[in-house]
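Asker: pasting a predicted model and its sequence here:
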Amino acid sequence: MDVTSILDQLNVAQQEAVTSDRRSVLVLAGAGSGKTRVLVHRIAWKIQVDSISPYAILAVTFTNKSSREMRERIDQLLGMSLRGMWVGTFHGLAHRLLKAHWREAGLRENFQILDSDDQLRLVKRLMKTLDLDEARWPPRQAQWWINNQKDEGLRAAHIQETGDLQLTTMLRIYREYEANCAQLGVIDFAELLLRALDLWRQYADILDHYQARFKHILVDEFQDTNAVQYAWLRLLAGNKCQVTAVGDDDQSIYGWRGAKVENILSYERDFEATHVIRLEQNYRSTSNILCAANAVIEKNSERLGKKLWTEAGEGEPIALYAAFNEHDEARYIADRLHQWVSEGQRRDAAAILYRSNAQSRVLEAALLQADIPYRIYGGQRFYERLEIKNALAYLRVMLNVNDDTAFERVVNIPPRGIGERTIDAIRQHARQSETSLWAASEAIVSSQSMAGRARNALASFLQLINKMSQGLESTTLIEQAETAIQQSGLIELYRREKGERGRARIENLEELVAACSNFQAEVSDEPALPQFLDQVALDAGDRQAGEDQDAVQLMTLHSAKGLEFPLVFIAGVEENLFPHKMSLDEPGRLEEERRLAYVGITRAMQKLYLTFAECRTIYGSESYNSISRFVRDIPSEVIEEVRIHNTVARPTSYAKSTMHSDTGEATGFGLGQQIRHPIYGEGVILNFEGIGPRARVHVQFEQVGIKILILASAKLTAA
DNA sequence: AAGGCAAATGTTTTT
DNA sequence: CATTTGCCTT
């Protein structure tokens, strides 16, 4: 095999990282420095040069997406499929371990994964049985607290009572929660990791087996590991295995969910003979963009230190646009995108990034109006949608009627007369006789111990499920899915739901059937359904169809990590929004916001726009924020202000000062004229702004209030 | 038990 | 502002 081809296209630092044979390697990979490439090439190097069997390699990532990408790229580089190599997410690998050693891990063979939605439902229910006031102790907070403890590796038994009421209450819930999970045979995401760690701690022989197997471990996004994941890695690595960790302390943006940047620092101490390599040459952005990124991140104190550089030229300056309000901001972005497309550029080469999802609405409206196709990332994932979760729950009950979590979800969806009181009675019966809800229901139905109407409803539900699960072994996954959505009445329920929503839900259910037909079972001689359900629990399916359409990408700064775009807009660079006001009190959280800014800036390859609004409507009321401190940290030499604006103090003075600033001559319209818009209906022209193709018109619509429209693209007609 | 209305409540997200 | 939750009525 040609060894040079592995090193050919790599720079010196990258080569060093790929070929190092020290016991442990730490690659501090700046944004756009070819981090994934180093990982992939290092694996290829291990296999081809060091003759390590793929069977002895373990590669860990955080998301399913990056794990798929890594596998693809290795296949591509080596021109063969690497059977036997373990590539997966921490959770996926933990699941695999627990499936193999379920008995030792203290689990049932068919244990189910409890996702955050079901977890919250469970916590809520437990709190009710503990008679805790939901107003005083928000269930979400309890859920969050429990997950936090687990992320730190703490079970309820490990936590000391201090007499603090908050702690005592949370502990009570935690204990109850643990007991219930055990009884239900479910484990949550954090438990997956913790349980896998405990498995190795308790069974030396099992740990020995995996230590003997894995000669090389590679970890991506190391700055995102939490305490349990770190401990798990250390244990597996033992004292023979070679470990490669790749990460960037400057891109640690998940501290709020348990990630510990400190793990990067501890690494040198805990893992033997560490070879630290910095990848600082950036292959993505212009030097102006890197200058801005470096300037922003330099203000952080807790850094390992790294400075990005590039051989690329200065490029264009970073554009800064001061908008009057969020509508103006969105309009400006749509306008720039319009120009970008008219220059023959692809829309999917452009991204609009924002701090919080709420910002996307206005942007969407502007893009819709400007006729620019867009796609929103994030938000709700496919398998998390209500209708999909319901359909999956039917499948779970069909597979195993004793799956209480799924039973609870579908017992009264669609509404069939089994209300809260009836369900309470079933729960109580189940608890007393220590059986599942299904068995309790059967007992209630046959013992006549319930009022007629409720009992009939329950009896017909049991009958329905029995019918649905009949002949399950002899049907295909697609047929099973069809059964779950048709016979359950789900399709009918959503068909009756009016408006866009119901239609979208039906479409999603059809999409689910399509997903079933595409599903490739890992173990082909075993039933597909349980495998499908497991996969779905671990991979929420990041997006829906429409992937290949040429559309502008909209997403939060968080979900942009790992991506790159020639053209990037960061919208809403304002104090209180970005940095978010929730992060202002704690210095640590502010530093994380700063890293988020760094992540955002470094997504841009050619051109970066920063926009902010002087006045923004948040939750219905107007607020005035000053420009973000992060923007002020960028040297003015690389910034170009698009418009020098007058300081606007109040909305009234803004309205007055811009009113009648233009008379709209040569537009075919006049001030005060009645007009009609294809979408917004009838309105009155209040004001004109600017001239030429970018001229805007302010219109007071009867239905939707004041809108600022681009005269050239808004198809206005005289009314 | 279910549907309708007023009141509350609003970061970031993967598994 | 818009969506979700809780209470109240049918």
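Answerer: Thanks, I have the structure now.
Asker: tell me how many other residues crowd the closest residue to A:Ile113 other than its chain neighbours.
Answerer: Of all residues beyond its chain neighbours, the one nearest A:Ile113 is A:Ala537 (4.0 Å), with distances taken as Cβ to Cβ, 6 or more residues apart in numbering. Heads up, the C-betas are built off the backbone N, CA and C, glycines and all. As a burial measure, A:Ala537 scores 20 neighbours (other Cβ atoms under 10 Å).
Asker: what's the helix or strand for A:Ala537?
Answerer: Taking DSSP states H and E as the criterion, the element that holds A:Ala537 is helix A:528-538.
Asker: next up, the contacts around the closest residue to A:Arg381 other than its chain neighbours.
Answerer: With Cβ to Cβ, 6+ apart as the criterion, A:Arg381 has its nearest non-adjacent residue at 3.9 Å, and that residue is A:Ala540. Listed by Cβ atoms under 8 Å, 6 or more residues apart in numbering, the contact set of A:Ala540 reads A:Asp115, A:Arg381, A:Phe382, A:Tyr383, A:Glu384.
Asker: could you single out the nearest of these to DNA strand C?
Answerer: Closest approach between those and DNA strand C, by Cβ to the nearest atom of the strand: A:Glu384, at 11.7 Å.
Asker: quick check: that closest one touching A:Asp117?
Answerer: Yes: taking Cβ atoms under 8 Å as the contact criterion, A:Glu384 and A:Asp117 are neighbours in contact, 6.7 Å apart.
Asker: tell me the contacts of the residue nearest to A:Ile113?
Answerer: Applying Cβ under 8 Å, 6+ apart as the definition, the contact partners of A:Ala537 turn out to be A:Gln112, A:Ile113, A:Asp115.
Asker: what do you get for A:Val411?
Answerer: A:Ile418, A:Ile423, A:Leu437, A:Phe461.
Asker: and of those residues, the nearest to A:Arg213?
Answerer: Distances from A:Arg213 to the contacts of A:Val411, taken as Cβ to Cβ, are shortest for A:Leu437 (41.1 Å).
Asker: count the residues that sit near that closest one.
Answerer: One way to gauge burial is a neighbour count; for A:Leu437, by other Cβ under 10 Å, it gives 24.
Asker: and what of the one 3 residues further on?
Answerer: With neighbours defined by other Cβ under 10 Å, the count for A:Ala440 comes to 22.
Asker: the bottom helix or strand of chain A by mean pLDDT?
Answerer: helix A:651-658 (a mean of 32; mean pLDDT, DSSP states H and E).
Asker: close to DNA strand C: what parts of chain A are there?
Answerer: On the criterion Cβ under 7 Å from any atom of the strand, DNA strand C has as its neighbours in chain A the residues A:Glu134, A:Arg361, A:Thr617, A:Tyr619, A:Gly620, A:Gly705.
Asker: so the second one is in which element?
Answerer: Taking DSSP H and E as the criterion, the element that holds A:Arg361 is helix A:360-369.
Asker: check which helices and strands that helix sits against.
Answerer: For helix A:360-369, the helices and strands in contact under the criterion 3 or more Cβ pairs under 8 Å, 6 or more residues apart in numbering; DSSP states H and E are helix A:326-342, strand A:350-354, strand A:374-376, strand A:552-556.
Asker: what are the buried residues along it?
Answerer: By neighbour count on 16 or more other Cβ atoms under 10 Å, the buried set for helix A:360-369 is A:Ser360, A:Val362, A:Leu363, A:Ala365, A:Ala366, A:Leu367, A:Gln369.
Asker: quick check: the farthest pair among the residues you listed?
Answerer: Farthest apart among the buried residues of helix A:360-369 by Cβ to Cβ are A:Ser360 and A:Gln369. That separation is 14.6 Å.
Asker: give me the buried subset of the contacts of A:Ala540.
Answerer: When burial is judged by neighbour count using 16+ other Cβ under 10 Å, the buried members of those are A:Asp115, A:Phe382, A:Tyr383.
Asker: OK, contacts around the first one?
Answerer: With contact taken as Cβ under 8 Å, 6+ apart, A:Asp115 is in contact with A:Asp188, A:Phe189, A:Glu384, A:Ala537, A:Ala540.
Asker: kindly reformat these as TSV containing secondary structure and pLDDT.
Answerer: What follows is these, written out as TSV (DSSP: H, G, I helix; E, B strand; the rest coil; pLDDT from 0 to 100):
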residue	secondary structure	pLDDT
A:Asp188	strand	95
A:Phe189	helix	95
A:Glu384	helix	88
A:Ala537	helix	92
A:Ala540	coil	82
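Asker: ok, which of these also contact DNA strand B?
Answerer: Among those, the ones lying close to DNA strand B by the criterion of Cβ under 7 Å from any atom of the strand are A:Phe189, A:Ala540.
Asker: specify which member of the contacts of A:Asp115 is nearest to DNA strand C.
Answerer: Scanning the contacts of A:Asp115 for proximity to DNA strand C, where the rule is Cβ to the nearest atom of the strand, the winner is A:Glu384, at 11.7 Å.
Asker: separation between that closest one and A:Ser559?
Answerer: When distance is defined by Cβ to Cβ, to the nearest Å, A:Glu384 is 15 Å away from A:Ser559.
Asker: next one: A:Lys389
Answerer: With distances taken as Cβ to Cβ, A:Lys389 is found 21 Å from A:Ser559.
Asker: cool, and A:Glu104?
Answerer: Distance from A:Glu104 to A:Ser559, by Cβ to Cβ: 37 Å.
Asker: and the angle from the helix holding A:Arg361 to strand A:350-354?
Answerer: Orientation note: helix A:360-369 sits at an angle of 150 degrees relative to strand A:350-354 (axes from the mean of the first three to the mean of the last three Cα atoms, to 10 degrees).
Asker: quick one: helix A:360-369 near DNA strand B?
Answerer: No: Helix A:360-369 lies out of reach of DNA strand B by Cβ under 7 Å from any atom of the strand, never closer than 9.0 Å.
Asker: what mean pLDDT does that helix have?
Answerer: Averaging pLDDT along helix A:360-369 yields 91.
Asker: would you mind listing what in the stretch 301-450 of chain A touches DNA strand B?
Answerer: Taking Cβ under 7 Å from any atom of the strand as the criterion, the contact residues of the stretch 301-450 of chain A with DNA strand B come out as A:355-358, A:378, A:381, A:412, A:415-422.
Asker: just the residues you listed: which are in helices?
Answerer: By the criterion of DSSP state H, membership of these in helices covers A:Glu420, A:Arg421, A:Thr422.
Asker: show me just the buried residues among those residues.
Answerer: Here the buried ones among those, as counted with 16+ other Cβ under 10 Å, turn out to be A:Thr422.
Asker: close to DNA strand B: what parts of the stretch 601-719 of chain A are there?
Answerer: By Cβ under 7 Å from any atom of the strand, the part of the stretch 601-719 of chain A that sits against DNA strand B consists of A:Tyr619, A:Gly620.
Asker: same check on the stretch 451-600 of chain A?
Answerer: Residues of the stretch 451-600 of chain A that fall close to DNA strand B, judged by Cβ under 7 Å from any atom of the strand: A:454, A:538-540, A:542, A:555-556, A:558-559, A:580, A:582-583, A:589, A:593.
Asker: drop anything exposed from those.
Answerer: Members of these that pass the buried threshold by neighbour count (16+ other Cβ under 10 Å) are listed as A:Ala454, A:Leu538, A:Asp539, A:Ala540, A:Met555, A:Thr556, A:His558, A:Ser559, A:Ser583, A:Arg589, A:Glu593.
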